[in-house]
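Engineer: the sequence and its predicted three-dimensional model are supplied below.
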Amino acid sequence: MMHIKKSVLAGTICSLLATSIQAATELETLIEILRTNGSIDEDQYGRLKKEIKINNARTASEKNVMKTQLDKSTSVTVTINKGGISAKNRDGSFNIKIGGRVQIDAASYDTETGSTTNYGNGTEIRRARLYVQGKMYNDWRYKLQYDFTSTGKAGIKDAYVSYRGLGDISIKLGNFKDPFMLQEQTSSKYITFTERALPDAFSAGRHIGIMTSTTHKYWTAAFGLFGDTVNTKATSENEGWGVGGRLTHAPVNKKTSIIHFGAAANYRTSSAGSTVRFKQQAETHIAGVNIVDTGEISLVDDYLKLGLEFAAVAGPFSTQAEYLTVSVSRAGENLNFDGWYAEAAYFLTGESRNYKAGKFGSIKPKMIVGREGIGAWQIAARYSTINLNDADINGGEADIMALGINWFPAPTLRFSANYVKVLNVQGGAQNNQEPNLVQVRAQWAF
Amino acid sequence: MMHIKKSVLAGTICSLLATSIQAATELETLIEILRTNGSIDEDQYGRLKKEIKINNARTASEKNVMKTQLDKSTSVTVTINKGGISAKNRDGSFNIKIGGRVQIDAASYDTETGSTTNYGNGTEIRRARLYVQGKMYNDWRYKLQYDFTSTGKAGIKDAYVSYRGLGDISIKLGNFKDPFMLQEQTSSKYITFTERALPDAFSAGRHIGIMTSTTHKYWTAAFGLFGDTVNTKATSENEGWGVGGRLTHAPVNKKTSIIHFGAAANYRTSSAGSTVRFKQQAETHIAGVNIVDTGEISLVDDYLKLGLEFAAVAGPFSTQAEYLTVSVSRAGENLNFDGWYAEAAYFLTGESRNYKAGKFGSIKPKMIVGREGIGAWQIAARYSTINLNDADINGGEADIMALGINWFPAPTLRFSANYVKVLNVQGGAQNNQEPNLVQVRAQWAF
Amino acid sequence: MMHIKKSVLAGTICSLLATSIQAATELETLIEILRTNGSIDEDQYGRLKKEIKINNARTASEKNVMKTQLDKSTSVTVTINKGGISAKNRDGSFNIKIGGRVQIDAASYDTETGSTTNYGNGTEIRRARLYVQGKMYNDWRYKLQYDFTSTGKAGIKDAYVSYRGLGDISIKLGNFKDPFMLQEQTSSKYITFTERALPDAFSAGRHIGIMTSTTHKYWTAAFGLFGDTVNTKATSENEGWGVGGRLTHAPVNKKTSIIHFGAAANYRTSSAGSTVRFKQQAETHIAGVNIVDTGEISLVDDYLKLGLEFAAVAGPFSTQAEYLTVSVSRAGENLNFDGWYAEAAYFLTGESRNYKAGKFGSIKPKMIVGREGIGAWQIAARYSTINLNDADINGGEADIMALGINWFPAPTLRFSANYVKVLNVQGGAQNNQEPNLVQVRAQWAF
C-alpha cells in the first residue's frame, strides 16, 4: 500500500513537471518540421536542439529536488476537524490522535414526603478525560487515557497496546474493559441516557490483562484473562483474577438497520479480603446515595456473571435490552442476584444510531447548528430493574423508569436532560425511598 | 469565508499550471503565423495542433490531481513558535492548541526576633498546567486545563464549552472563574507580582456554572449563575450556589495607553456545613502560614462580595488598584470585611502592559535574548491591606509592602524576584508577627 | 542557518517556475532565428515578443504568490514515526514533542517453605507518563512530564527549563534528577532489567534545583544545587537541601564500542523531621515488601553519597557496574552503608547498546517485526548486593541474582521477563527470607 500511495504522488509531481517540458516537446516537433521544410538551417537546428537538451537536463534535476521537498512536506497529514488533533503518515504505518471528553452535570432531587434520605442538589464534572492513541509500525495500536476527575491510579482508564499483525485476530495487553455488557462496551459518550441502567451494578469494569478478539461484519468474539484493577496493589495477599468472554452476532448489519444479539460470561475470584460488593445509584451520580447496595459480602471465593444482550436499529428508531445475573460462591449459602433493562429511542431529526464491532458509536447529525441545521434531536425511554436481595443479603430490589432527551448540535457536542423516577424499592437501606430527579449534562469531545 | 480562502489558493495553483501552457499559447501563435506565411503546410499544422491539444488535455487533468493534493496538504496549518503546538484549518472553522505553564518557586523567610511562628524556607512547583483548547464548527470554543500540583478534581481548572454564534454574546458552560476581581481575571502568568495582593482572600474562584458575557473595545459585561466548586460533591446536603456579574469600562483603550474601570458583585450561599472562611498568606505560597484567617465562620446563610477596579497604562508605566468588601449574613450579628491594594510598575525596556477584554495579558519583549536583546525588564511596587476583624471574628488586619522585578527574556519566559515586608498585623493568630521574605520564580509557558 | 535553509527551498521553487519559462526561452531563440531567416516578418515578431513579455510578467507575479504559499505550508514539519507527535519549524528555532511511556507489569512470587512474609502475586501499571518537551527561541529547552500512577505533586517528574545559549554549558532549572548513579541517569525505558539493582536504595532522585552541566564526546560534567522534592512542602520547618556533582569519562566512544567511567558525590541535609531512610524491594515493585530497610533513622544532620561507575559496550555485548556508599552524620555514632552491582547483557540479534551524554539510551532493532524481522533479542545477568547494617541500625544485608530477557519488536516497544533470586538476607525484618520471583513487563513509548 505504501508504494501505491507514494507512486501516485510521485507520479503527480513528475507529470506536473513533465508538463513544463511538453511545450518543449511540441517545440521540438515544430523545429523538426521547420528543418524539414528548410525554414531553419542545420546550424540553427543544432543550436536549438542543444538548448533544449540543456534545459531538459536542468528540469530533470530540479524535478528531483522538488519531488523530495514536496514528498517531505506532505508525508504527514494533520486533521483537526473531527475533534482533537490527529496525524497520519502517507503510507499509513503510523498515526496518532490526541483528544478527550468533558461531561458537566447538574441534578435536582425530589424525595418523597417523610423521606429520611437527603440527596443533595448540585453540580459535578462527571468525566474530564484526555487521551493519546495511535498506530505504530503498521501492526501495533496503543492508547493511554486519563480521567482527571479521579485521583492517582484510579484515573487511568485505557492503557493498552495491541498487536494486529495476525489477520483478523487482535491481541490486547494492558488496562481496558473486560468484554462484558453492551451498555458497558458502549462509550459513556454514546449511551442513550446520562447514566447506565441499574444492572450496571454488575459491570465487570476495567482490569489489567490480556485479551484476544476478532471483529467481523456479522459477529465479534473476545476472550481475556485479567488481573486486578489499576488501583489495587497486592501487598500481603494475592490480587484477584478473572476470565471473561463475549460473543456478539448481528444477523442484520446495515447502515440504518441493525439487529444485535450478544452473550457474555465473566468469572472472577475475590480480591484480597475475600469480599465483593454490588451497589448502584438511582441512575444519577451527583448525590452519591446508593439506591441498592449489598454492602461488603464476606468470605467470598469467587463469582460468575452472565449477560444476554439484544439491540436493534430501524432508521431513526433504536432499542436495546440486557439481562444480567451473578452467582456468588462463598462460605455458607451461595447467592444469586439479577437485573435487566430495556430502552427505546427515536431521532426526531432522522439520524440512526451508529453500530460497529459489537457496540454503539458516535452520532452524526444530518444538519449541524450554525450550518443552517438544528442538530440531531433524540427522545428516549428506559425501564430497568435489579434485585440484590438473596438469603441473608438485603441489598434491596429497585425499579426505575427514565425519560430522556438528547440534542447533538454537532458531532462532538451533546446536551442531555433525563427525568428519572424510582418506582419501587423493597429492602435495603433505601427501603420505600422512591425519589425522582432531573439530571442535565453538557458534553463535548475533542 | 471558506470559499474566499479556498479560491485564492485554487487560483494560485491554476495560474501556476496555466503558466506551463502559456508557452504553448505563444507557440500556437507562432504556428498560426508560420501557417499563414506558408512556412508549414496544412498537414504539419494539423499534426502540431493535435499534439498541442493532447498535451493541453493531459495538463488540465494533471492540474486537477495536483490541486487536490496541494489543497489537502495545506488544509491545516500547524504553528509552534508561540509556545505549545497549535493548528487551524484553512476556513477557520476549527482550531486547537495544546499548551501549558510551569512556575518554579523558592522562598526565604526572615521572622522577627522572638517570633513564635516558623515559616519554612523551601522550594515549590507553584503551578504545572497542561491544557487543550480549541474551536469547533465555527461557533463553539472549549478548554480543558489541569494543574498537576493539585490532587484529583481539585486540579481541574478551566473545563468549559462556549457558544459564540449569537453575535457579540458568548455563552459559557462548565468550570471557570466567576467574573470578579481584576487581579483574579488576569492569568497568574501575567500578574505583576508572583502572588496576588492580600485582598485575594475575597477571590470568588472557579465554580461549575453558566455565564453570558459580551466583549467590546470600550467595555465588557459578564453575568453568571454558579453551582459549587469541582471538588465539592453534594451528598446529604445541597451544594452552595451563587450569582455574579462584572462590568468594565475602558474610556481609553489604545495599544500603549489604557484607562480601565471595573465593578463587580458576587453573591453566594454557604456550602454544605453553612460555614465560610477567609484567609490569606503573606503574598507568598511556600510557607503555608496564613497571615490573616477568620477560621470557619459558622451558621452562615450567604455572603455578598463587591469590588471596584481601576487600572491605567501610559507607555512603559502601569498602575492597578482594587477595593474589595464582603458582607456575611449569619445567625447572629452580620459581618463586614474589606481590603484594597494599589500597585505601580515600569518597564525599563520600554514595553507596555497588554490589555484585552477587561483584563491584562502577555508581555512581548521588544528585543529577545539570543536575538541581540536583553528581553523586557520591569520593576514594580505594591501596597496592600486587609481587615478580617469584625464583631466576634478576630481574623486579623494586615498591611504588606512588596517590591518586585520581572525579567522576560522572551514572550514565553519569565523570571521574577519579590521582596515582601509585612508591615503591621493586628489581631488574629499572627498578631504582631511581621516577617519579611524574598521569593523568586522561574516561569515558562508553552 | 535559517537563511540557508530558506534559500534552498526558495531556490527550488524559483527553479521550478523558471522551468515553465525555459520553453519560452527556447521559443525566443526560435523566433529570433525565424526572424533572421525571414520566415516571420517584423509585425509578427513584435506580436510574439509582446505576448512572451506579458506571459513572463504574469509568471513572475504568480511565482511570488506560489512561493509564499509553499513557504508557509512547509514552515513546520510534523513527524509521527518515532513515537508520539513532534514538530519543528524550518529554521530550527522551535520544536515540540508530545509523548509518553506505559509499563504494564505482572509478578509471581515464590517464598521459601515456612516464610512468614507474604508477597502477593499481581499486576500493576508501573509507569504511565505523558510529557511535553520542546525548544523555544533557539536557546531554551523545557520539559513537563507527569506520571499518572502517582497522586498529585508526586506525579510531577521532569519539570524544567534550560538555557543553552552559553556554548557548551547548559543551565537547567526546575525539577529533575540529581546528577548521580548511572542506572538512575538511564531512563527506566532503557535499563537492562525491569527494575534497577539493589543499591538504588541510595538513589538521589529528583529535586527542585538548578544545575549546570556540559556534555562532550569523551566526557560530561554536572553540578547542581537542590532544594527538596516536589511533594515536600515546608511549613513550620525549613526544607532539606543538597548539592551534587557527577563526572563521566568515555575514553572509547564509538557507535558499537564504548568504555565509560563515572564518579559522583551527593550531599544532602535531612528534611524536616531530621530523619532519613534507606530501603529497597527485591528488584520488583508489585509486592511492596522491602527486602532491606533501615526504617526512619532519627536525629540526622546530613548524609553524603559517593558513587563509582563503569560500563562498556563491545558490539552486542555490554556490561555495567557501580559501587555506592553513604555516610550519615547524626547525633550519636555516624553510619556507613554501601552496595554494588554488576551486570552483563548480550544482543542475540547483533544490536549494540546506545550511549550518549554519559548514559544509555534507546535500542534500535536491526529488523523490525512486521517488516520481515524478529526485532532485537537481548539476554542479561546481574548480581547485586547491599548492606544496610551498621551500629544500631539493622536494615539488613541482601544479595540478589537476576536473569533477564528483553524483546524489542520495534524501537518503541519492549517486552521483558526477569527471574530474580534473593540469595542471602542477613538482618533486618526479612532476615533469612529469600524468595524468588518472576516479573514480566510490556512497555511502549510514544
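Structural biologist: All right, it came through fine. All figures in this text were calculated on a predicted structure; none of them were measured in a lab.

Engineer: hang on, A:Y341 packs against A:A381?
Structural biologist: No. Judged on C-beta atoms under 8 Å, A:Y341 makes no contact with A:A381 at a distance of 11.1 Å. In this view, the C-beta of every residue, glycine as well, is placed from N, C-alpha and C.

Engineer: would you confirm that A:T36 belongs to a helix?
Structural biologist: Yes. According to DSSP: H, G, I helix; E, B strand; the rest coil, A:T36 belongs to a helix.

Engineer: what about it, neighbour count?
Structural biologist: Per other C-beta atoms under 10 Å in any protein chain shown, the neighbour tally for A:T36 reads 12.

Engineer: can you pull out the helices in the stretch 151-300 of chain A?
Structural biologist: Under the criterion DSSP state H, counting those that start in this stretch, the stretch 151-300 of chain A contains helices at A:182-185.

Engineer: near chain B, which residues of the stretch 101-250 of chain A are found?
Structural biologist: Neighbours of chain B within the stretch 101-250 of chain A, by C-beta under 8 Å from any C-beta of the partner chain: A:102, A:104, A:106, A:118-125, A:128, A:130, A:148-152, A:155.

Engineer: oh sorry, the question was meant for the stretch 251-400 of chain A
Structural biologist: If contact is defined as C-beta under 8 Å from any C-beta, the residues of the stretch 251-400 of chain A in contact with chain B are A:I286, A:A287, A:G288, A:V289, A:I368, A:V369, A:G370, A:R371.

Engineer: residues contacting the fourth one?
Structural biologist: If I follow you right, that is A:V289. Contact analysis of A:V289 by C-beta atoms under 8 Å, 6 or more residues apart in numbering or on different chains lists A:T117, A:Y119, A:Q281, A:A282, A:Q430, B:T235.

Engineer: do the same with the fifth one
Structural biologist: Under the criterion of C-beta under 8 Å, 6+ apart, the contact partners of A:I368 comprise A:G375, A:P409, A:A410, A:P411, B:Y137.

Engineer: if we can go back for a sec, looking at A:Y341 and A:A381, which has the bigger crowd around it?
Structural biologist: Of the pair A:Y341 and A:A381, A:Y341 is the one with more neighbours under other C-beta under 10 Å, namely 24 against 16.

Engineer: how about the more buried one, phi and psi?
Structural biologist: Reported as degrees, to the nearest 10, the phi and psi values for A:Y341 are phi -150, psi 160.

Engineer: stretch A:429-439 vs chain B: in contact?
Structural biologist: No. Contact of stretch A:429-439 with chain B (C-beta under 8 Å from any C-beta) is absent, the minimum separation being 11.9 Å.

Engineer: tell me the mean pLDDT over that stretch?
Structural biologist: Confidence for stretch A:429-439, expressed as mean pLDDT, is 93.

Engineer: do stretch A:250-266 as well
Structural biologist: When the per-residue pLDDT values of stretch A:250-266 are averaged, the result is 97.

Engineer: how about stretch A:340-353?
Structural biologist: Predicted confidence along stretch A:340-353 averages 98 (mean pLDDT).

Engineer: buried ones in it?
Structural biologist: Of the residues in stretch A:340-353, those buried by neighbour count under the rule 16 or more other C-beta atoms under 10 Å in any protein chain shown are A:W340, A:Y341, A:A342, A:E343, A:A344, A:A345, A:F347, A:T349, A:E351, A:S352, A:R353.

Engineer: related to what we said a few turns ago, narrow the residues of the stretch 101-250 of chain A next to chain B to those that are buried.
Structural biologist: Burial by neighbour count, judged by 16+ other C-beta under 10 Å, picks out A:102, A:104, A:106, A:119-125, A:128, A:130, A:148-150, A:152, A:155 from these.

Engineer: if we can go back for a sec, restrict the residues of the stretch 101-250 of chain A next to chain B to contacts with chain C.
Structural biologist: When contact is defined as C-beta under 8 Å from any C-beta, those meet chain C at A:T151, A:G152, A:G155.

Engineer: now do the residue most central in space within chain A against chain C, distance only.
Structural biologist: The centroid of chain A falls nearest to A:S187 when counting by C-alpha atoms, centre = their mean (4.9 Å). A:S187 is 20 Å from chain C, where distance means C-beta to the nearest C-beta, to the nearest Å.

Engineer: show me what contacts that residue?
Structural biologist: Applying C-beta under 8 Å, 6+ apart, one finds that A:S187 lies in contact with A:G361.

Engineer: wait, A:H260 touches A:L308, no?
Structural biologist: No. Using C-beta under 8 Å, A:H260 makes no contact with A:L308, being 11.5 Å away.

Engineer: what about those two, which has more around it?
Structural biologist: Comparing A:H260 with A:L308 by neighbour count (other C-beta under 10 Å), the higher total belongs to A:H260, at 22 against 15.

Engineer: how about the contacts made by the closest residue to that one other than its chain neighbours?
Structural biologist: Counting by C-beta to C-beta, 6 or more residues apart in numbering or on different chains, A:H260 lies nearest to A:A311, which is 4.1 Å off, once chain neighbours are set aside. Listed by C-beta under 8 Å, 6+ apart, the contact partners of A:A311 are A:L182, A:I258, A:I259, A:H260, A:G262, A:S318, A:T319, A:Q320, A:A321, A:Y355, A:F360.

Engineer: that older thread, which member of the contacts of A:I368 is positioned nearest chain C?
Structural biologist: Closest approach to chain C among these (C-beta to the nearest C-beta): A:P411, at 22.7 Å.

Engineer: need the CA coordinates for stretch A:292-307. CSV is fine.
Structural biologist: Taking Å, rounded to 0.1, in the frame of the first residue of the first chain, the C-alpha atoms of stretch A:292-307 are listed here in CSV:
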residue,chain,number,x,y,z
VAL,A,292,-29.4,-0.6,46.2
ASP,A,293,-26.3,-1.9,48.0
THR,A,294,-25.3,-5.3,49.3
GLY,A,295,-22.5,-3.9,51.4
GLU,A,296,-19.3,-5.9,51.5
ILE,A,297,-20.2,-9.6,51.3
SER,A,298,-17.6,-11.5,53.2
LEU,A,299,-15.9,-15.0,52.9
VAL,A,300,-16.4,-14.9,49.1
ASP,A,301,-14.4,-17.4,47.0
ASP,A,302,-15.5,-16.3,43.5
TYR,A,303,-18.4,-15.1,41.4
LEU,A,304,-19.7,-15.7,37.9
LYS,A,305,-21.6,-13.1,35.9
LEU,A,306,-23.7,-13.9,32.8
GLY,A,307,-25.2,-11.4,30.4
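
Engineer: checking my notes, A:I33 in a strand, right?
Structural biologist: No. Residue assignment for A:I33, taken from three-state DSSP, gives helix, which places it outside any strand.

Engineer: list the contacts of it.
Structural biologist: Per C-beta under 8 Å, 6+ apart, neighbours of A:I33: B:I40, B:Q44, B:R47, B:L48.

Engineer: and if you look at A:I258?
Structural biologist: Per C-beta under 8 Å, 6+ apart, neighbours of A:I258: A:A250, A:V252, A:A311, A:A312, A:V313, A:R353, A:Y355.
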